[in-house]
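Asks: model this:
(one chain, ligands or ions: 2)
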Amino acid sequence: MSFSFSDHSHRRYNPLTNNYVLCSPHRAKRPWQGAEELAGKIEMPMYDPKCYLCPGNERAAGGHSNPKYQSTYIFENDFPAVQLSQPELAEDLLFEEGEEELVRLLKKKLMRVRSVQGNCYVICFSPNHSLTLPLMTRAEIVEVVQAWKDLYIETQRKAVQEKAPYSYLQIFENKGLAMGCSNPHPHGQAWCLDVVPTEVQHEFDNMAAYTKKNGSHLLGDYVALELAEKKRVVVANDSFVAVVPFWALWPFETLVIAKNHIASIEDFSEKNKEDLALILKCLTTKYDNLFKTSFPYSMGLHQAKLGATEEEKKNAWFHMHFYPPLLRSATVKKFCVGFEMLGEAQRDLTSEQAAARLQELDGETHYSSA
Ligand SMILES: [Zn+2]
Ligand SMILES: [Zn+2]
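Replies: Residues are numbered from 1 along each chain as shown. Ligands and ions are numbered 1, 2, ... in the order given. The predicted structure follows:
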């Protein structure tokens, strides 16, 4: 018997994070007796008088209301994770009067803290409460991409011209109860921090190290490899390609990558915007069609930091991650527990098997409207 990637355990290297994922394809056959999520298709009204994101409604914090917006709508989060201004964090705040010298020494070694400032935004994708990205038209998704671009440009302007404490804008969407999304109204978020968050900084460091070693860009090379092999490509057009990455952790994880170097959404042409909208529509429609359910995920954009230098722009490469939790049906999701918490990430189905499943699904017609 010879080694087969679809039958035998192996580890795959993720060059973006410098981590490994354990791949156990033979386990995909085991029976499932664990937890199942509630599936049930819930019909949503176009307008929900109790929704704090619907046009004209009072917001969660109370005291103010949304305008009767017609397209996308961005506002500052009423319950932000980071704030624009707060009292200064004194360096010696961790130290207490009269504590032993040993405790002080250990604190210096082990307890590091810095303040963080920023701002958080909510981006309503549509005034229509019942929609999700796959159910929106391509033109409507272009409006979402434009809203992301506008927010990137505006926060960058504030960072550069007004010295606002903005260094990185993390745009993301949590979709579905399984991902902890508390409101079904189609919306995403953007958290703007005065530091580059850990995951993003790891990627920047690993991409810079790759370029130093190989003289080319990690994601540029990866796009060339995936387009040549085609095994893991789910959908592609002139500007972008969506793949189940070789090193995927989540069963149907995908990576949407700019085919040519684009540092950030600021540099998107009209064509890029339309192409990204089309990829997003196609990919999320395939996702919904996979288990005939409104497919939950966390997704987000990775790109250059705000006010990046020429060097930092060269190192950044626009891409998006989709991390969906579902494993084998609308009700069975993957858990990251046990070995994954204590050892390393693990998956059963291979990336190639997941990509093949997604490739054969319809990305134009949604199951419910078919
Ligand atoms: Zn709503
Ligand atoms: Zn990334």
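Asks: which residue ranges of this protein form strands?
Replies: Remark: strands assigned in the chain by DSSP state E are 10-14, 19-23, 73-76, 118-124, 168-175, 187-193, 233-236, 240-243, 254-258, 297-302, 319-323, 345-347.
Asks: ligand 2: which of the ones you listed is closest?
Replies: strand 297-302 (3.4 Å; C-beta to the ion). Every C-beta, even on glycine, is put in place using the N, C-alpha and C of the backbone.
Asks: the closest one pairs with which strands, and in what direction?
Replies: Next to strand 297-302 in the sheet, as set by DSSP bridges, lie strand 168-175 (antiparallel), strand 319-323 (antiparallel).
Asks: got CSV for those strands, with distance to ligand 1 and mean pLDDT too?
Replies: CSV is the format used below for the strands paired with strand 297-302 (distance: least, C-beta to the ion, whole Å; pLDDT from 0 to 100):
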stretch, distance to ligand 1, mean pLDDT
strand 168-175, 14, 97
strand 319-323, 23, 98
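Asks: would you turn those strands into CSV with distance to Q70 and mean neighbour count?
Replies: What follows is the strands paired with strand 297-302, written out as CSV (distance: least, C-beta to C-beta, whole Å; neighbours: other C-beta atoms under 10 Å):
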stretch, distance to Q70, mean neighbour count
strand 168-175, 21, 22
strand 319-323, 26, 22
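Asks: dump those strands to CSV, plus distance to V256.
Replies: Listed next are the strands paired with strand 297-302 as CSV, based on distance: least, C-beta to C-beta, whole Å:
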stretch, distance to V256
strand 168-175, 13
strand 319-323, 4
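Asks: phi, psi of the residue of the chain most remote from its centre?
Replies: What lies farthest from the middle of the chain is G98; by C-alpha atoms, centre = their mean that is 46.2 Å. Backbone torsions for G98, taken as degrees, to the nearest 10, come to phi 80, psi 0.
Asks: before we move on, back to that, pipe the strands of the chain into CSV and attach distance to ligand 2 per row.
Replies: What follows is the strands of the chain, written out as CSV (distance: least, C-beta to the ion, whole Å):
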stretch, distance to ligand 2
strand 10-14, 10
strand 19-23, 13
strand 73-76, 23
strand 118-124, 19
strand 168-175, 11
strand 187-193, 15
strand 233-236, 17
strand 240-243, 13
strand 254-258, 8
strand 297-302, 3
strand 319-323, 5
strand 345-347, 15
